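Undergrad: okay, sequence plus prediction incoming.
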Amino acid sequence: MEFMKLNNGVEIPMLGFGVFQIAPENTKSAVDQAIRAGYRLIDTAQAYGNEAQVNLRFLTQRGVVAIPRSTNAQRAKENIDIFDFALSTDDIEEIKKMDLDKSQFVVHQSREFVESMLDGANQLMASGMEI
């Protein structure tokens, strides 16, 4: 197993086991089997009833505007249903500890981003492709 070191020095496995959409009556058995197979990172967000949206809720509770994208109608509905639960202060602090202090998002106002988009568009146009 490969690991990633978090800012607090804790190392976590690069691969975890998720329980999303496993029937509640089967979750304990599935997690038990995963542990026996060697998994040591188990997605515990199921306690909120919708673990796929915990990240969106984390962002919105911190005042960050989130714009998720999905072509799946059910996922789009789940994304908008993030306001029926709240993360506790302790949960938010635990999630913050995983911060790598490096954005995984595009900052559209960034000069580097704008220049890279313009360079890409210019290259496409130079190749004869219409944009």
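TA: Received the coordinates, thanks. For clarity, every value in this text was computed on a predicted model and none was experimentally measured.
Undergrad: which residue ranges of the protein form strands?
TA: With DSSP state E as the criterion, the chain has strands at 3-5, 11-13.
Undergrad: so what's the gap between the first one and the chain middle?
TA: By that I understand strand 3-5. 17 Å (CA atoms, centre = their mean, to the nearest Å).
Undergrad: just for the chain, where's the confidence low?
TA: Applying pLDDT under 70 to the chain flags the ranges 44-51, 99-109, 113, 129-131.
Undergrad: middle-most residue in it, spatially?
TA: When CA atoms, centre = their mean is applied to the chain, the residue found nearest the centroid is Asn55 (5.3 Å).
Undergrad: list the contacts of it.
TA: Residues counted as contacts of Asn55 (CB atoms under 8 Å, 6 or more residues apart in numbering): none. For the C-beta atoms, the positions are set from N, CA and C on the backbone; glycine is no exception.
Undergrad: next one: stretch 90-100 to chain centre, how far?
TA: Taking CA atoms, centre = their mean, one finds the center of stretch 90-100 at 13 Å from the center of the full chain.
Undergrad: in that stretch, which residues are buried?
TA: Buried residues in stretch 90-100, counted by 16 or more other CB atoms under 10 Å: Asp91, Ile95.
Undergrad: for the helix ranked longest in the chain, which helices and strands make contact with it?
TA: The longest helix of the chain (DSSP state H) is helix 111-126. Applying 3 or more CB pairs under 8 Å, 6 or more residues apart in numbering; DSSP states H and E, one finds that helix 111-126 contacts no other helix or strand.
Undergrad: dump it to CSV, restricted to CA.
TA: Taking Å, rounded to 0.1, in the frame of the first residue of the first chain, the C-alpha atoms of helix 111-126 are listed here in CSV:
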residue,chain,number,x,y,z
ARG,A,111,-3.4,35.4,-13.9
GLU,A,112,-1.8,32.0,-14.5
PHE,A,113,-5.2,30.4,-15.2
VAL,A,114,-6.3,33.2,-17.6
GLU,A,115,-2.9,33.1,-19.4
SER,A,116,-3.0,29.3,-19.8
MET,A,117,-6.6,29.5,-21.2
LEU,A,118,-5.6,32.2,-23.7
ASP,A,119,-2.4,30.2,-24.7
GLY,A,120,-4.6,27.1,-25.2
ALA,A,121,-7.1,29.0,-27.3
ASN,A,122,-4.4,30.6,-29.4
GLN,A,123,-2.8,27.2,-30.0
LEU,A,124,-6.1,25.8,-31.1
MET,A,125,-6.8,28.7,-33.5
ALA,A,126,-3.2,28.5,-34.9
